[in-house]
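Undergrad: Build the 3D model from these lines:
(one chain, ligands or ions: 2)
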Amino acid sequence: MNTTTATRLELRDLVKRYGTQTALDEVSLVAEAGQFVVLLGPSGSGKSTLLRSVAGIERVHGGRILLGDRLVAGDTLHVPPERRELAMVFQDYALWPHLTVADNVAYPLRRKKIARPEAEKRATAMLERVGLGDYATRFPSELSGGEQQRVALGRALVGRPSLLLFDEPLSNLDADLRERMRVEIATLARESGATVVYITHDQSEAFALADQIGVLDHGRLVQYARPETVYLRPANRFVARFTGLAADLAATVARVDGEYVVLDTGERRLRARAVGDLRPGDGTRLLIRPAATRIVAHREAGEDGSLDGSVVDVAYRGRGYDHVVATAGGELTAVFDERPWPRGSEVRVVLTSDGCIAHVMEQV
Ligand code: ADP
Ligand code: MG
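TA: Ligands and ions are numbered 1, 2, ... in the order given. Have a look, this model is predicted:
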């Protein structure tokens with residue numbers, strides 16, 4: 001596939017309001033050329049507003065958007081979508097119902113005044129790329145959801161945009177198809193060479209795809225970092241919760257040990273990675289990632305680095321079982337083991353310190 005020259009995207013203090021509501025609250029970020037950036041946040045956090053502002057579908061009220069060295073939004077400037085050299089894939093596909101699959105894919109080329117034979121040639125090649133070579137003469141209504149999304153992907157890629165925007169492209173697909181389509185998007189988008197901004201409310205999708213993850217909460221970008229950093233050092237409790245926790249328990253700092261702290265949970269001492277400025281005696285939250293937990297048989301003597309409790313729920317997950325374990329300090333969920341521990345079992349949950357995060361107390 002012919003590749004494009006990726007563009008660097010920069011947002012500076014972006015503000016967007018709807019009436020009195022602030023949908024984007026001084027959002028700043030840089031997507032380097034060729035990076036795959038995923039913006040993650042719950043429904044209503046401003047993800048679509050951000051993407052639509054980058055696309056030029058929305059006018060912003062403050063801040064700037066730069067594509068490479070080029071200012072496309074800011075002050076009184078607003079460059080329209082068709083002059084931003086980007087393409088977008090939507091959750092609901094947004095295909096032209098009256099155009100065939102081939103004509104849908106050729107559409108961006110025809111708009112750029114590329115002659116019909118050349119446009120058709122490129123559209124045909126792109127349909128092969130997205131696995132729809134035999135569907136050229138069909139209409140969108142004659143395709144499944146997954147096939148329609150592949151048409152939309154082909155239409156986005158065919159014009160070789162330097163920036164590709166995805167707005168929850170997998171949300172309308174069934175679970176089995178979602179995983180395959182995710183891989184396809186990752187492969188084709190990366191091969192295209194474009195810079196990608198992809199939004200989702202699904203943390204597993206975000207971690208699987210991203211070079212860089214941004215987390216949005218009420219229109220504010222609360223963290224923007226590599227996936228590993230978001231996982232190990234979430235910026236706040238909201239980010240930690242939204243990216244998957246087995247537990248969020250109260251604890252007291254007993255001792256500071258470099259990047260780690262030793263916590264007193266009342267029952268045991270536990271080591272956790274410190275986020276923020278923590279001192280001995282401070283009240284803190286102990287945030288536990290599911291992957292940091294391991295379930296073993298209960299033994300008489302208490303052991304540091306573990307919590308004792310009893311199994312209150314067990315759920316089959318295919319590869320094994322997720323347990324809910326009630327401990328003196330609160331419940332742990334998503335405690336995985338390959339074999340099921342029956343309800344009522346007295347167990348010990350062993351914790352690894354890298355997946356335990358001690359966070360400064362904050363208002364959330
Ligand atoms: P997300 O995509 O993360 O679900 P949106 O960007 O769609 O969030 O919306 C962010 C906030 O802005 C929400 O509170 C939403 O109700 C509001 N909003 C979005 N679009 C409009 C609009 N066209 N008019 C009024 N409010 C809007
Ligand atoms: Mg949305």
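
Undergrad: Please work out how many residues are found near Ala334.
TA: By the measure other C-beta atoms under 10 Å, the count of residues near Ala334 is 19. All C-beta atoms are positioned from the backbone trio N, CA, C, and that covers glycine.

Undergrad: surely it meets Pro290?
TA: Yes - using C-beta atoms under 8 Å, Ala334 is in contact with Pro290, at 4.1 Å.

Undergrad: Need the pLDDT of the residue lying closest to Ala210 once chain neighbours are set aside.
TA: Of all residues not flanking Ala210 in the chain, Val38 sits nearest, at 3.8 Å (C-beta to C-beta, 6 or more residues apart in numbering). Looking at Val38, its pLDDT stands at 98.

Undergrad: just Gln363 next, same as before
TA: Value for Gln363, per-residue pLDDT: 47.

Undergrad: picking that back up, surely the residue nearest to Ala210 forms part of a strand?
TA: Yes - secondary structure of Val38 (DSSP: H, G, I helix; E, B strand; the rest coil): part of a strand.

Undergrad: tell me the contacts of it?
TA: Val38 makes contacts with 198-200, 205-206, 209-210, 212-214, as judged by C-beta atoms under 8 Å, 6 or more residues apart in numbering.

Undergrad: Can you flag which of those belong to strands?
TA: 198-200, 212-214 (DSSP state E).

Undergrad: how close does Pro227 sit to ligand 1?
TA: 19 Å (C-beta to the nearest ligand atom, to the nearest Å).

Undergrad: that older thread, and of the ones in strands among the contacts of Val38, the nearest to Gly344?
TA: Thr200 (38.1 Å; C-beta to C-beta).

Undergrad: count of residues packed around the closest one?
TA: 24.

Undergrad: One more: the one 3 residues further on?
TA: Using other C-beta under 10 Å, the number of residues around Gln203 comes to 19.

Undergrad: I figured it hits Leu40, correct?
TA: Yes - assessed by C-beta under 8 Å, Gln203 is found in contact with Leu40 at 6.2 Å.

Undergrad: Could you tell me which residues touch both of these two?
TA: With C-beta under 8 Å, 6+ apart as the test, Gln203 and Leu40 both reach 242-243.

Undergrad: picking that back up, quick one: common contacting residues for Ala334 and Pro290?
TA: With C-beta under 8 Å, 6+ apart, Ala334 and Pro290 have common neighbours 244, 246.

Undergrad: what does the stretch 1-150 of the chain put close to ligand 1?
TA: 18, 23, 41, 43-49 (C-beta under 6 Å from any ligand atom).

Undergrad: I figured Ser43 was touching His201, is that so?
TA: Yes - counting by C-beta under 8 Å, Ser43 touches His201, with 6.1 Å between them.

Undergrad: Which one of the two is surrounded by more residues?
TA: His201 (18 against 8).

Undergrad: so what's the nearest residue to Ser345 once chain neighbours are set aside bridging to?
TA: Spatial nearest neighbour of Ser345, excluding adjacent residues (C-beta to C-beta, 6+ apart): Val311 at 4.5 Å. Listed by DSSP bridges, the beta-bridge partners for Val311 are Val325.

Undergrad: ok, Val311 - contacts?
TA: Shown in contact with Val311 (C-beta under 8 Å, 6+ apart): 323-325, 341-345, 347.

Undergrad: For the buried ones among those, write the corresponding PyMOL selection.
TA: Burial among the contacts of Val311 is assessed by 16 or more other C-beta atoms under 10 Å; the matching PyMOL selection reads:
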select buried, resi 323+324+325+341+345+347
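
Undergrad: would a markdown table of the contacts of Val311 with pLDDT be doable?
TA: Formatted as a markdown table, the contacts of Val311 follow (pLDDT from 0 to 100):
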| residue | pLDDT |
| --- | --- |
| His323 | 97 |
| Val324 | 98 |
| Val325 | 98 |
| Trp341 | 97 |
| Pro342 | 96 |
| Arg343 | 97 |
| Gly344 | 96 |
| Ser345 | 95 |
| Val347 | 95 |
